[in-house]
Structure formats: structure tokens, C-alpha cells
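1. build me a structure from this.
(one chain, ligands or ions: 1)
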Amino acid sequence: MQKSLTTLSPTLAHPSSPIGLYIHVPFCRSRCHFCAFYLQIYREDRAHDYLTALFREIRLHAEQQTLGGHRLNTVYIGGGTPTALDPSELSDILDSVQSHFGLQADAEITVEAHPDTVTVEGLTQLAQAGFNRISFGVQSLNEGELAGMGRTSLSDRTSKAVALARDAGFTNINLDVIFGLLGQTLESWQSTLAQVIALDPTHLSCYALTVEEGTRLLIDIRRGDCTTPEDALQNAMEDDAVKQLTAAGFDRYEISNYCRPEYGCRHNKLYWESGEYLGVGPSAQSYVGGARFGNVADLKAYQQLLADGCLPIAEREQLDPEQRHREALIFGLRLIEGIPSEFIHAHKLDGDCQAKIVQLLNDGWLEDTGGRVKLTATGRRFADSIAVELL
Ligand code: SF4
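-> Below you'll find the predicted structure:
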């Protein structure tokens with residue numbers, strides 16, 4: 001680990017561009033078998049110490065003008081399960097953000113929630129505190145599949161949670177679902193999808209199951225207790241999602257994300273459009289002033305560093321212009337609309353990268369149409385491998 005910093009002082013690349021804040025809440029009631037996020041099992045004493053450290057971190061960044069006094073356009077509280085915390089604690093976090101950084105009048109303020117952890121009173125408190133977007137981690141509405149990934153949730157909790165969120169005043173609601181789960185069939189995926197569409201969210205994230213290092217799922221697979229989902233089945237599920245969601249009026253604007261018109265997630269768009277964002281909380285990542293930096297993924301180390309008056313940064317890399325353009329290309333290609341064709345020529349990507357782009361265009365992984373370079377339908381299936389190729 002690189003030495004932690006007491007000061008950071010990056011300079012915003014574009015002071016007038018949107019800027020976001022991500023807050024990582026590292027607690028869940030239990031860990032799902034596929035999940036590789038940094039988190040601990042929720043305990044009141046742990047939450048108390050975490051909040052003390054988080055408020056210190058927010059204050060330190062504000063004192064050091066990390067965001068140059070720029071008001072936030074988006075705030076995203078994710079995790080983990082933010083709603084493992086008490087609604088009053090989440091409201092206090094938002095108050096602290098507001099008083100230290102300031103919020104634009106139309107800021108998008110999202111909180112992630114587990115359907116099992118919400119009540120109408122708690123959700124009302126969150127809406128009144130200023131949260132205007134809620135994202136439920138649904139994953140599946142099939143109880144066998146939920147149990148298979150270590151979730152105790154009952155499938156009808158999602159429809160109840162969505163109804164409670166509406167009663168509390170939330171109109172911008174995202175649901176996250178996963179396809180390619182162990183034991184999932186095309187029919188059960190179609191059923192989950194039809195049910196979440198019927199709940200009429202403004203946004204849906206449909207992720208393919210990935211098997212990550214350090215997860216119970218990987219251990220089970222290595223032991224031979226289960227096998228990875230077949231590519232052909234995952235592809236059929238993804239095709240079905242595109243078909244069902246398009247027919248239901250959703251716009252696929254990123255490989256895994258679909259929205260009603262005007263309801264794209266503004267915070268996540270910052271990631272794909274190479275916008276700037278600050279991340280706070282253990283393991284949170286930032287991109288400010290052309291520098292990528294990440295916090296320690298260890299709650300105790302995070303708290304100790306902040307108690308010592310240091311920012312809890314484990315690693316930091318200042319990107320040169322060529323690296324920044326390459327990253328902008330890779331992230332931008334995740335968007336269905338792709339990137340302007342002129343970007344490829346105007347930003348002086350190095351010869352090696354240019355040659356790879358030409359090759360990808362010739363091989364049918366990319367297409368150049370309507371003044372934009374984008375992944376083809378086949379290319380989207382291999383977006384991660386293409387990103388590695390372009391790195
Ligand atoms: S609830 Fe979400 S963050 Fe928590 S373990 Fe499950 S997938 Fe991971």
C-alpha cells in the first residue's frame with residue numbers, strides 16, 4: 001500500500017462540468033454468494049465507528065477543497081446495503097454532504113436499498129431528507145434462485161418495497177436484476193423480468209452473473225459443487241431482456257442499463273463519460289483532476305487513518321493525456337450510442353491504439369455510423385475483452 005496522504009489537492013479538469021460523490025456503506029445483513037464488494041456484516045458498534053470516520057473524511061475533503069468548491073450534481077450512496085443504517089443516519093450523511101460541498105438545485109440523489117430493509121416511515125424520512133432516487137437490489141424474483149445465492153429474501157418483498165417507496169414519495173425507482181444465476185432457466189428469467197417490468201420502474205439494470213475472486217460462488221465452483229452458467233444461455237437471456245424491455249418502452253442506453261426516456265442514471269453516466277467523481281468510505285474509488293485514487297478496503301485501517309488526520313487513500317495514479325483518452329474511449333464504448341468518431345482522431349490516441357481500433361472495425365466488433373463509433377451487437381457480448389485489448 002502506498003503511503004496515505006494528509007493532503008490531496010487535485011485540480012478539477014473541467015470546473016464547469018458535472019461532478020458526483022459516491023459514498024460506500026460497507027455493511028450488509030449477510031453476504032450473497034456472488035458478491036465481491038468490500039463489506040462487513042452489520043453491527044451497531046461498527047456502524048457507529050464507520051460514521052464517525054466518514055464524517056471526518058467528508059470534512060477533510062471539504063477543508064482541502066478537493067472539489068474546488070464545486071457544488072455536486074449527483075450523490076450516490078451505495079454499498080453494501082445503505083439501508084442497513086438507520087434512516088436518520090443516512091439523513092445525517094446527506095446533511096453533512098450538503099453543508100460541506102453543497103448540492104446543485106436539481107441534484108440527483110440516489111440511495112441503494114435492500115427490499116427487506118425498508119419501511120414506509122424510513123423511506124418517507126429519506127424522501128423528506130432530499131433523496132430523490134432509490135435503487136433496489138432485487139437480483140431475482142424466484143425464491144429458489146434467491147436461496148441459491150444466499151439471500152433469505154422472499155420474492156414478494158420487492159413488490160411491497162416498491163409500493164412503500166411510491167407511498168413515501170419516490171418517483172424515480174431503479175431495480176437491479178441478474179441473469180445467468182445458478183439453476184436459472186430462460187423461463188424463470190423471463191418471469192422475473194416480466195414481474196419487474198410490471199412494477200413500472202423508471203430504470204432497470206440487468207447484469208450478467210460474473211464469478212469473482214474471493215466469493216463463496218467461486219469456492220463452490222472450484223469444489224465442483226456447481227458449474228458456471230453456459231454462455232449460450234446467458235446470451236439468450238440477454239437477448240430476451242433487450243426484446244422485453246424494448247417492447248415495454250425502455251431505452252437501452254448502456255450495455256447493462258435500461259431506462260424510461262429522461263431517466264438515465266446521471267451518476268453512473270459520469271463513469272461512462274469520463275466525468276469526475278469523489279468516492280468516500282472504505283474501498284471507494286475517485287477520479288478527480290485526471291487522477292484516479294482509491295481508499296483502503298479495510299474498515300479498521302480506514303478509521304485509524306482518519307483518526308490520525310489522514311485521508312484514507314491507498315493508491316493514486318495521475319493519468320497522462322494519452323491514458324485519459326484511452327480510458328474515455330473504453331468507458332464511452334459501454335454506452336450504446338458510443339463515442340463521436342472525431343474523438344478517435346482529435347485526441348491523438350497512440351498508433352498502437354489507432355491500429356487496434358481499425359482492426360476492431362474491420363473485424364466487425366466496432367462500427368462507425370452516423371458520426372459515432374460504437375460496439376456492434378456482437379461486440380457488446382465481448383465488451384470486457386475489447387476493453388482489455390484497447391488498454
Ligand atoms: S446485498 Fe448486495 S452488497 Fe450485500 S452482499 Fe448481497 S449483493 Fe453484496
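2. list the residues that contact the closest residue to residue 188 other than its chain neighbours.
-> With Cβ to Cβ, 6 or more residues apart in numbering as the criterion, residue 188 has its nearest non-adjacent residue at 4.9 Å, and that residue is residue 142. In short, each C-beta sits where N, CA and C put it, glycine included. Applying Cβ atoms under 8 Å, 6 or more residues apart in numbering to residue 142 gives the contacts 155, 184, 188, 191-192.
3. show me which residues of this protein are close to the ligand?
-> 28, 31-32, 35, 37, 39, 79-81, 114, 137 (Cβ under 6 Å from any ligand atom).
4. just the buried members of the residues you listed?
-> Using 16 or more other Cβ atoms under 10 Å as the burial test, the residues of the chain next to the ligand include 28, 31-32, 35, 39, 79-81, 114, 137 as buried.
5. what about those, which are in helices?
-> Per DSSP state H, helices hold no members of those.
6. next, format the residues you listed as TSV and append pLDDT.
-> Output for those, formatted as TSV (pLDDT from 0 to 100):
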residue	pLDDT
28	95
31	93
32	93
35	94
39	95
79	95
80	94
81	96
114	94
137	95
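7. inside strands: which ones of these?
-> Of those, the ones assigned to strands by DSSP state E are 28, 79, 137.
8. and the next helix or strand past the lowest-mean-pLDDT helix or strand in the chain?
-> When the helices and strands of the chain are scored by mean pLDDT, DSSP states H and E, helix 341-346 comes last with a mean of 82. Scanning forward in sequence from helix 341-346 by DSSP states H and E, the next helix or strand is helix 351-362.
9. sort out which residues of that next one are buried, please.
-> Buried residues in helix 351-362 (16+ other Cβ under 10 Å): 353, 356-357, 360-361.
10. ok, now stretch 185-198?
-> 188-189, 192-193, 195-197.
11. identify the residues contacting the residue of the stretch 101-250 of the chain found nearest the ligand.
-> Of all residues in the stretch 101-250 of the chain, residue 137 sits closest to the ligand, at 4.8 Å by Cβ to the nearest ligand atom. With contacts defined as Cβ under 8 Å, 6+ apart, residue 137 is in contact with 81, 112-115, 176.
12. in the sheet, who's paired with it?
-> residue 176 (DSSP bridges).
13. before we move on, the earlier item: helices or strands up against the least confident helix or strand of the chain?
-> Helix 341-346 sits against helix 321-332, strand 372-375, with contacts defined as 3 or more Cβ pairs under 8 Å, 6 or more residues apart in numbering; DSSP states H and E.
14. one more time with 6 Å
-> In terms of contacts (3 or more Cβ pairs under 6 Å, 6 or more residues apart in numbering; DSSP states H and E), helix 341-346 is packed against no helix or strand at all.
15. buried ones in it, by neighbour count?
-> For helix 341-346, by 16+ other Cβ under 10 Å, it's 343-344.
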